[in-house]
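>>> sharing a model that was predicted from the sequence below.
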Amino acid sequence: MTAGARPGRAYTLLAAALVAVALSGCSAGDGAGRKEAAGSPAAPPSARPGPGAPQDGGGDTGDGGGDPGDGGEGGPASGAATTVPATTPGGTPGGRSPRPSPPDRWRPRPGLAWQWQLDGKVDPSVDVPVYDIDGFENSAADVSRLHADGRKVICYLNAGAWEDFRPDQGSFPRSVLGEANGWDGERWLDIRRLDVLRPIMERRVEMCRAKGFDAVEPDLLEGYANRTGFPLTGADQLAYNRMFAEITRERGLSVGLKNDLAQIPQLVGDFDFAVNEECAQYDECERLKPFVAAGKAVFHVEYEERTEDFCAESRALRLSSMRKRLDLDVWRDPC
């Protein structure tokens, strides 16, 4: 969660259009991040409002027929985070053992209800099977408490921008820091530098794994469609997004594709679910159908549209939809 204000949606779409022309038809996607383009300021980490916004009364526990206690999959809620990787017996020529197989990961299916709270410490009172919370600001104890209540827990990380308030901010060399992205203390990353960014992101994903999270939501996976200060291409973005998915799955965690609608056809096989902002407002929700067709959840939020204006389509498409405030506090209005 950051301080400052995201650029407006119109600015993002203009930037995307310019990139699309430059790339001779490479579509730019649907927005720039976690609260995407509506551009309202968020509370800084040191001055976050506490919980207390209206709740939905817990009437949204359904997941399209699954058991809320396991987040839509069999086994205990914390299983994906605690399974020990299995090794392959025997060795390979030359005396080297093959790489251990990663543990089974959680695979959320379409229709699961969810809560997305990035503002402050998590409030566990919302009765839904899936929580998406900030990986840095919440502890292993917070995750364990949600698991004890039968929830699956997604670890929010910023994968596409540097944030000056994160404890590992000094790990990023200046050479990979680009232009400010419109949020206080944030700058775009040069995602072409996989050699630099991979070990940093591996440590972040390992933090999520160590805290017991079941999955990771990497934000800002469409820098190529924005003015980053680097000549990023769609191919650069595909390589970076696949790298992030690989390091997450290697650790037994599932991984979600955040926005980046234009690259869904190429990336649906690399990601286990999708997280989308405002597809209804911009008439883009049908572009998420490849995830649902593959049996993968789409966790969707609107900020300005009323539920009566988008929930019918969301149900028809089997999206996990709700309305949230831009600061992503406790309040939610689910479909």
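All right, it came through fine. Numbers count the residues shown, from 1 in each chain.
>>> now the helices for this structure?
Using DSSP state H, the helices of the chain run over residues 9-22, 79-82, 140-148, 194-211, 234-250, 264-267, 289-293, 307-317.
>>> could you dump those helices to a markdown table with distance to residue 324 and mean neighbour count?
Backbone N, C-alpha and C define where each C-beta goes, glycine included. Output for those, formatted as a markdown table (distance: least, CB to CB, whole Å; neighbours: other CB atoms under 10 Å):
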| stretch | distance to residue 324 | mean neighbour count |
| --- | --- | --- |
| helix 9-22 | 16 | 17 |
| helix 79-82 | 25 | 22 |
| helix 140-148 | 18 | 17 |
| helix 194-211 | 22 | 17 |
| helix 234-250 | 24 | 20 |
| helix 264-267 | 22 | 16 |
| helix 289-293 | 20 | 17 |
| helix 307-317 | 11 | 15 |
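>>> include distance to residue 299 and mean pLDDT when you put these into CSV, please.
Formatted as CSV, the helices of the chain follow (distance: least, CB to CB, whole Å; pLDDT from 0 to 100):
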stretch, distance to residue 299, mean pLDDT
helix 9-22, 19, 39
helix 79-82, 17, 34
helix 140-148, 16, 98
helix 194-211, 17, 99
helix 234-250, 16, 99
helix 264-267, 14, 99
helix 289-293, 10, 99
helix 307-317, 11, 98
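>>> nearest to residue 166, of those?
Of all those, helix 194-211 sits nearest to residue 166, with 8.9 Å by CB to CB.
>>> which residues are contacting the closest one?
Identification of contacts with helix 194-211 by CB atoms under 8 Å, 6 or more residues apart in numbering yields 81, 135-136, 138-140, 143, 155, 157, 159, 168, 171-173, 175-176, 189, 191, 216, 218, 239-240, 243-244, 247-248, 251-253.
>>> now do that helix against helix 140-148, angle only.
Angle of helix 194-211 versus helix 140-148, following axes from the mean of the first three to the mean of the last three CA atoms, to 10 degrees, is 60 degrees.
>>> quick check: angle from helix 194-211 to helix 234-250?
Going by the same axes, to 10 degrees, helix 194-211 makes 30 degrees with helix 234-250.
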